[in-house]
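Enquirer: sequence isn't available, so here's the structure alone:
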(Lines give C-alpha, C1' and ligand atoms only; values in the text may rest on other atoms or scores of the structure.)
Protein backbone atom coordinates (compact mmCIF):
# COMPACT_ATOMS: atom_id res chain seq x y z
CA UNK A 1 0.00 0.00 0.00
CA UNK A 2 1.25 3.48 -0.89
CA UNK A 3 -0.06 7.03 -0.76
CA UNK A 4 -0.78 9.23 -3.80
CA UNK A 5 2.94 9.94 -4.28
CA UNK A 6 3.97 6.29 -3.99
CA UNK A 7 5.10 6.58 -0.36
CA UNK A 8 5.48 3.13 1.25
CA UNK A 9 2.91 2.22 3.90
CA UNK A 10 5.37 2.25 6.86
CA UNK A 11 6.21 5.87 6.00
CA UNK A 12 2.51 6.70 5.58
CA UNK A 13 1.93 5.52 9.15
CA UNK A 14 4.32 8.19 10.41
CA UNK A 15 1.86 10.99 9.60
CA UNK A 16 -0.99 9.54 11.69
CA UNK A 17 -2.72 11.92 14.11
CA UNK A 18 -4.73 11.54 17.32
CA UNK A 19 -8.17 13.13 17.70
CA UNK A 20 -7.08 15.20 20.72
CA UNK A 21 -4.09 16.70 18.87
CA UNK A 22 -4.56 20.44 18.16
CA UNK A 23 -4.08 19.97 14.44
CA UNK A 24 -3.25 17.42 11.77
CA UNK A 25 0.05 17.39 9.82
CA UNK A 26 -1.64 19.25 6.95
CA UNK A 27 -2.88 22.02 9.24
CA UNK A 28 -6.49 20.91 9.63
CA UNK A 29 -7.72 21.70 13.14
CA UNK A 30 -8.91 18.77 15.25
CA UNK A 31 -8.49 19.36 19.01
CA UNK A 32 -11.21 17.00 20.28
CA UNK A 33 -11.66 17.48 24.07
CA UNK A 34 -9.93 14.74 26.05
CA UNK A 35 -13.15 14.06 27.97
CA UNK A 36 -14.88 12.96 24.76
CA UNK A 37 -14.96 9.18 24.33
CA UNK A 38 -12.72 8.39 21.37
CA UNK A 39 -10.40 11.36 21.83
CA UNK A 40 -7.49 8.91 21.90
CA UNK A 41 -8.42 7.39 18.52
CA UNK A 42 -5.73 7.76 15.84
CA UNK A 43 -6.33 8.32 12.13
CA UNK A 44 -4.14 7.69 9.12
CA UNK A 45 -3.42 11.12 7.62
CA UNK A 46 -2.09 10.73 4.09
CA UNK A 47 -3.89 11.14 0.76
CA UNK A 48 -4.21 7.82 -1.07
CA UNK A 49 -5.11 6.76 -4.59
CA UNK A 50 -7.26 3.78 -5.55
CA UNK A 51 -6.45 2.44 -9.01
CA UNK A 52 -8.83 0.17 -10.93
CA UNK A 53 -7.86 -1.28 -14.29
CA UNK A 54 -8.68 -2.24 -16.91
CA UNK A 55 -12.01 -0.46 -17.21
CA UNK A 56 -13.61 -0.99 -20.62
CA UNK A 57 -15.28 2.13 -22.05
CA UNK A 58 -16.12 2.68 -25.74
CA UNK A 59 -13.93 -0.29 -26.74
CA UNK A 60 -10.89 1.20 -24.99
CA UNK A 61 -9.18 0.17 -21.75
CA UNK A 62 -9.07 2.93 -19.16
CA UNK A 63 -7.56 3.19 -15.70
CA UNK A 64 -9.79 4.67 -13.00
CA UNK A 65 -7.97 6.65 -10.29
CA UNK A 66 -9.86 7.86 -7.23
CA UNK A 67 -7.87 10.19 -4.96
CA UNK A 68 -8.90 10.37 -1.31
CA UNK A 69 -7.69 12.97 1.16
CA UNK A 70 -8.01 13.03 4.95
CA UNK A 71 -10.76 15.17 6.47
CA UNK A 72 -11.03 16.36 10.07
CA UNK A 73 -14.81 16.48 9.68
CA UNK A 74 -14.96 12.91 8.39
CA UNK A 75 -12.74 11.84 11.30
CA UNK A 76 -15.12 13.40 13.83
CA UNK A 77 -18.16 11.93 12.09
CA UNK A 78 -16.75 8.47 12.71
CA UNK A 79 -15.97 9.24 16.35
CA UNK A 80 -19.49 10.54 17.04
CA UNK A 81 -21.28 7.72 15.23
CA UNK A 82 -22.46 9.97 12.40
CA UNK A 83 -20.70 7.81 9.79
CA UNK A 84 -19.24 4.35 9.46
CA UNK A 85 -15.63 3.72 10.41
CA UNK A 86 -13.10 1.83 8.32
CA UNK A 87 -9.82 0.91 9.99
CA UNK A 88 -6.37 -0.38 9.11
CA UNK A 89 -3.60 -1.45 11.47
CA UNK A 90 0.06 -0.57 11.88
CA UNK A 91 2.91 -1.16 14.27
CA UNK A 92 3.19 1.31 17.15
CA UNK A 93 6.83 2.14 16.39
CA UNK A 94 5.95 3.16 12.83
CA UNK A 95 2.89 5.14 13.92
CA UNK A 96 4.94 7.14 16.44
CA UNK A 97 7.89 7.49 14.07
CA UNK A 98 11.30 8.97 14.95
CA UNK A 99 9.75 11.85 16.89
CA UNK A 100 8.17 9.36 19.29
CA UNK A 101 11.43 7.82 20.52
CA UNK A 102 11.86 10.18 23.47
CA UNK A 103 8.17 10.70 24.26
CA UNK A 104 4.76 11.24 22.71
CA UNK A 105 4.90 13.36 19.55
CA UNK A 106 2.64 16.42 19.28
CA UNK A 107 0.44 14.70 16.74
CA UNK A 108 -0.17 11.81 19.19
CA UNK A 109 -0.14 13.44 22.63
CA UNK A 110 -1.54 10.41 24.46
CA UNK A 111 0.63 7.46 23.41
CA UNK A 112 1.60 5.77 26.70
CA UNK A 113 -1.04 3.03 26.52
CA UNK A 114 -0.90 2.28 22.81
CA UNK A 115 -0.73 -1.45 21.97
CA UNK A 116 2.04 -2.80 19.76
CA UNK A 117 -0.42 -3.03 16.86
CA UNK A 118 -2.48 0.15 16.57
CA UNK A 119 -5.89 0.43 14.90
CA UNK A 120 -6.11 3.51 12.67
CA UNK A 121 -9.24 5.18 11.36
CA UNK A 122 -9.23 6.18 7.68
CA UNK A 123 -10.96 9.56 7.62
CA UNK A 124 -10.94 10.02 3.86
CA UNK A 125 -13.20 11.86 1.46
CA UNK A 126 -13.02 11.79 -2.33
CA UNK A 127 -10.83 14.56 -3.71
CA UNK A 128 -10.96 13.72 -7.42
CA UNK A 129 -11.86 10.98 -9.89
CA UNK A 130 -9.83 10.50 -13.03
CA UNK A 131 -10.08 8.29 -16.11
CA UNK A 132 -7.05 7.85 -18.32
CA UNK A 133 -6.12 5.76 -21.33
CA UNK A 134 -3.01 5.68 -23.50
CA UNK A 135 -1.38 3.69 -26.25
CA UNK A 136 -2.81 5.09 -29.46
CA UNK A 137 -5.78 4.08 -31.57
CA UNK A 138 -8.12 5.96 -29.26
CA UNK A 139 -9.87 8.35 -31.64
CA UNK A 140 -13.17 6.47 -31.54
CA UNK A 141 -13.10 6.30 -27.74
CA UNK A 142 -12.21 10.00 -27.51
CA UNK A 143 -15.11 11.00 -29.75
CA UNK A 144 -17.50 8.85 -27.71
CA UNK A 145 -16.34 9.80 -24.22
CA UNK A 146 -15.79 13.52 -24.75
CA UNK A 147 -18.90 13.76 -26.89
CA UNK A 148 -20.99 12.21 -24.12
CA UNK A 149 -19.50 14.63 -21.60
CA UNK A 150 -20.70 17.51 -23.76
CA UNK A 151 -24.21 16.03 -23.88
CA UNK A 152 -24.35 15.34 -20.13
CA UNK A 153 -23.06 18.80 -19.17
CA UNK A 154 -24.40 20.92 -22.00
CA UNK A 155 -25.66 23.71 -19.72
CA UNK A 156 -22.28 24.05 -18.01
CA UNK A 157 -19.77 23.60 -20.84
CA UNK A 158 -17.31 26.46 -20.93
CA UNK A 159 -14.83 25.13 -23.47
CA UNK A 160 -15.48 22.57 -26.20
CA UNK A 161 -13.38 21.84 -29.27
CA UNK A 162 -15.11 18.56 -30.17
CA UNK A 163 -17.02 20.18 -33.04
CA UNK A 164 -13.63 20.38 -34.77
CA UNK A 165 -12.53 16.87 -33.75
CA UNK A 166 -10.67 14.99 -36.50
CA UNK A 167 -10.04 11.27 -36.05
CA UNK A 168 -6.63 11.29 -37.80
CA UNK A 169 -5.29 14.02 -35.49
CA UNK A 170 -7.32 13.06 -32.42
CA UNK A 171 -7.18 16.36 -30.51
CA UNK A 172 -10.08 17.50 -28.35
CA UNK A 173 -10.88 19.33 -25.13
CA UNK A 174 -14.01 19.75 -23.01
CA UNK A 175 -14.30 21.79 -19.80
CA UNK A 176 -17.54 22.02 -17.82
CA UNK A 177 -18.23 23.82 -14.55
CA UNK A 178 -21.56 24.10 -12.69
CA UNK A 179 -20.14 26.22 -9.87
CA UNK A 180 -19.82 23.23 -7.55
CA UNK A 181 -18.10 20.58 -9.65
CA UNK A 182 -15.90 20.72 -12.71
CA UNK A 183 -15.03 18.26 -15.44
CA UNK A 184 -11.81 18.59 -17.44
CA UNK A 185 -11.38 16.27 -20.42
CA UNK A 186 -8.49 16.18 -22.87
CA UNK A 187 -7.73 13.99 -25.86
CA UNK A 188 -4.16 14.30 -27.14
CA UNK A 189 -3.08 13.27 -30.61
CA UNK A 190 0.12 13.05 -32.60
CA UNK A 191 0.08 15.96 -35.01
CA UNK A 192 3.32 14.87 -36.70
CA UNK A 193 2.09 11.43 -37.71
CA UNK A 194 -1.69 11.98 -37.83
CA UNK A 195 -1.98 8.70 -35.96
CA UNK A 196 -5.15 9.50 -34.06
CA UNK A 197 -5.73 10.06 -30.36
CA UNK A 198 -2.83 8.83 -28.24
CA UNK A 199 -4.10 9.61 -24.72
CA UNK A 200 -7.40 10.47 -23.04
CA UNK A 201 -7.74 12.05 -19.62
CA UNK A 202 -10.98 12.95 -17.86
CA UNK A 203 -10.91 14.57 -14.41
CA UNK A 204 -13.89 15.16 -12.11
CA UNK A 205 -13.47 17.22 -8.93
CA UNK A 206 -15.24 19.66 -6.66
CA UNK A 207 -14.33 23.31 -6.83
CA UNK A 208 -12.36 24.23 -3.73
CA UNK A 209 -14.08 26.65 -1.34
CA UNK A 210 -17.29 26.76 -3.39
CA UNK A 211 -20.61 26.79 -1.56
CA UNK A 212 -22.65 23.61 -1.84
CA UNK A 213 -19.74 21.21 -2.23
CA UNK A 214 -19.49 18.15 -0.02
CA UNK A 215 -16.24 19.46 1.44
CA UNK A 216 -17.79 22.84 2.31
CA UNK A 217 -20.82 21.19 3.89
CA UNK A 218 -18.48 19.01 5.96
CA UNK A 219 -16.54 22.07 7.10
CA UNK A 220 -19.76 23.76 8.24
CA UNK A 221 -20.82 20.59 10.07
CA UNK A 222 -17.41 20.36 11.76
CA UNK A 223 -17.59 23.93 13.02
CA UNK A 224 -21.01 23.40 14.57
CA UNK A 225 -20.18 20.05 16.15
CA UNK A 226 -16.88 21.23 17.59
CA UNK A 227 -18.64 24.13 19.28
CA UNK A 228 -21.17 21.70 20.77
CA UNK A 229 -18.40 19.38 21.97
CA UNK A 230 -16.55 22.24 23.64
CA UNK A 231 -19.71 23.23 25.55
CA UNK A 232 -20.53 19.63 26.44
CA UNK A 233 -17.10 18.25 27.29
CA UNK A 234 -14.91 21.31 27.78
CA UNK A 235 -16.08 21.86 31.36
CA UNK A 236 -15.49 18.20 32.20
CA UNK A 237 -11.98 18.46 30.79
CA UNK A 238 -11.23 21.55 32.90
CA UNK A 239 -12.57 20.05 36.14
CA UNK A 240 -9.68 18.89 38.45
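Expert: Looks like it came in fine. Bear in mind the structure is a predicted one, so any value in this text is a computation, not a measurement.
Enquirer: and the helix or strand harbouring residue 150, what does it pack onto?
Expert: When elements are assigned from DSSP states H and E, residue 150 belongs to helix 139-152. If contacts are counted by 3 or more Cβ pairs under 8 Å, 6 or more residues apart in numbering; DSSP states H and E, helix 139-152 sits against strand 48-57, strand 172-177, strand 181-189, strand 197-206. Quick note: C-beta positions are derived from backbone N, CA and C, even for glycine.
Enquirer: give me the angle between the first one and strand 197-206.
Expert: Which is strand 48-57. Going by axes from the mean of the first three to the mean of the last three Cα atoms, to 10 degrees, strand 48-57 is angled at 130 degrees with respect to strand 197-206.
Enquirer: who's in contact with residue 173?
Expert: Residue 173 makes contact with 146, 159-162, 185-187, according to Cβ atoms under 8 Å, 6 or more residues apart in numbering.
Enquirer: going through those, which ones are buried?
Expert: By neighbour count, with 16 or more other Cβ atoms under 10 Å, these hold 146, 160, 162, 185-187 as buried.
Enquirer: next up, phi/psi of residue 45, please.
Expert: In terms of degrees, to the nearest 10, the main-chain angles of residue 45 are phi -130, psi 50.
Enquirer: again but with residue 36, I slipped
Expert: When quoted as degrees, to the nearest 10, the phi and psi of residue 36 stand at phi -80, psi 130.
Enquirer: go on, residue 129?
Expert: Note on residue 129: backbone dihedrals following degrees, to the nearest 10 are phi -130, psi 130.
Enquirer: mind listing the residues bridging to it?
Expert: residue 66, residue 204 (DSSP bridges).
Enquirer: where along this structure do the strands fall?
Expert: 17-18, 42-44, 48-57, 60-70, 87-91, 117-122, 124-134, 157-160, 172-177, 181-189, 197-206 (DSSP state E).
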